[in-house]
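[1] let me see the structure of the following:
(one chain, ligands or ions: 2)
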Amino acid sequence: MPPLLQVESIEKQFPTRSGPLDVLRGVSFSLDTGQAAAIMGPSGSGKSTLLNILGTLEAPTKGRLMIDQRNPFELSEKDLAQFRNQRIGFVFQEHHLLPQCSVLENVLLPTLASPGHDDGTRRAKKLLDRVGLADRLDHRPAELSGGERQRVAIARALINRPALLLADEPTGNLDRATADKVGTLLSEIHREEGTTLIVVTHSPELARRFERVYRVEDGTLVAAEEF
Ligand code: ADP
Ligand code: MG
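    Ligands and ions are numbered 1, 2, ... in the order given. Below you'll find the model as predicted:
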């Protein structure tokens, strides 16, 4: 079976006032369905840039990305938006929950763009139960702790059954004990859902939970030997 995610010699250059900035200089790797990888590396090394490309939020300058045997950057803007909504889930360092919406409504948001899933509410409740928030459905984000908000963000990222779950420093704003719980949840839930997972993290404890650990170094991705 071909890999779920195939990254071939991806380069990313940003134009800046002091000339072009080469952030990624040839990143290649692949992941099979259900596999998980952590990406580490110093601040400013290009981790978020890489994740944004994998999430199809930004096109690479060079190289090819294949997700589910499709090159998303060959799709029209409309088809790409639908592809992203259906196939990719995101968890960021900031929860990005809508403050005026309840927990349940926040989890259902990604289903609004692609109606037709009549089991949306049932799945949302099941996911919120799985992340330990069954009794918080009507709460607003402001009424939750930081760890609870990230658990809502994880449920929201999974609502459309994405093939690929991307998490950019998902525990970066949490205290150590809470970070550990959210990390455990991520590593368990991607397996239960069969979702391929990539987590950017500075935490060696979190990285160790995943079968592969990479580091962004000089614009390339290398296997992390020690961390
Ligand atoms: P990390 O997530 O590893 O901290 P980033 O991917 O956010 O790093 O950024 C990598 C480098 O690319 C940084 O030097 C940053 O300033 C630069 N960069 C990121 N986005 C842009 C942009 N849109 N324009 C110019 N430079 C950018
Ligand atoms: Mg970053």
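[2] tell me the contacts of Glu105?
    Glu105 sits next to Leu98 when contact means C-beta atoms under 8 Å, 6 or more residues apart in numbering. All C-beta atoms are positioned from the backbone trio N, CA, C, and that covers glycine.
[3] may I have the phi/psi pair for it?
    phi -60, psi -40 (degrees, to the nearest 10).
[4] next one, pLDDT for it please.
    Note on Glu105: pLDDT of 97.
[5] okay, which residue is most central for this structure?
    Nearest to the geometric centre of the chain sits Leu166, at 1.4 Å (C-alpha atoms, centre = their mean).
[6] host element of that one?
    strand 164-168 (DSSP states H and E).
[7] just the CA trace of the next helix or strand after that strand, in CSV.
    The C-terminal neighbour of strand 164-168 among helices and strands, as given by DSSP H and E, is helix 176-193. Once non-C-alpha atoms are left out, helix 176-193 reads as follows in CSV (Å, rounded to 0.1, in the frame of the first residue of the first chain):
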residue,chain,number,x,y,z
ARG,A,176,3.7,19.7,33.0
ALA,A,177,1.1,17.4,34.5
THR,A,178,-1.7,18.7,32.2
ALA,A,179,0.7,18.5,29.2
ASP,A,180,1.4,14.9,30.1
LYS,A,181,-2.3,14.0,30.2
VAL,A,182,-3.1,15.8,26.9
GLY,A,183,0.0,14.0,25.3
THR,A,184,-1.2,10.6,26.5
LEU,A,185,-4.6,11.4,25.1
LEU,A,186,-3.2,12.3,21.7
SER,A,187,-1.1,9.2,21.5
GLU,A,188,-4.0,7.0,22.4
ILE,A,189,-6.7,8.6,20.4
HIS,A,190,-4.9,8.6,17.0
ARG,A,191,-4.4,4.9,17.4
GLU,A,192,-8.1,4.3,18.2
GLU,A,193,-9.1,6.4,15.3
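[8] which parts of helix 176-193 are buried?
    Neighbour-count burial for helix 176-193, counted by 16 or more other C-beta atoms under 10 Å, picks out Thr178, Ala179, Asp180, Val182, Gly183, Leu185, Leu186, Ser187, Ile189, His190, Glu193.
[9] residues in contact with the residue nearest to the first one when sequence neighbours are not counted?
    Pointing back at Thr178 there. Excluding the flanking residues, the one nearest Thr178 by C-beta to C-beta, 6 or more residues apart in numbering is Gly147, at 3.8 Å. Counting by C-beta under 8 Å, 6+ apart, Gly147 makes contact with Leu174, Thr178, Ala179, Lys181, Val182.
[10] residues in this protein within reach of ligand 2, list them.
    Residues of the chain that fall close to ligand 2, judged by C-beta under 5 Å from the ion: Lys47, Ser48.
[11] for Asn148, give its distance to ligand 1.
    I think there's a mix-up here, since residue 148 is Glu and not Asn. 25 Å (C-beta to the nearest ligand atom, to the nearest Å).
[12] do the same with Leu24
    For Leu24, the distance to ligand 1 - C-beta to the nearest ligand atom - is 8 Å.
[13] and that residue, backbone torsions?
    Torsion angles, degrees, to the nearest 10, at Leu24: phi -110, psi 130.
[14] check the gap between the residue in the chain positioned nearest to ligand 2 and Ala36 for me.
    Per C-beta to the ion, Ser48 is where the chain lies closest to ligand 2, at 3.2 Å. For Ser48, the distance to Ala36 equals 18 Å [C-beta to C-beta, to the nearest Å].
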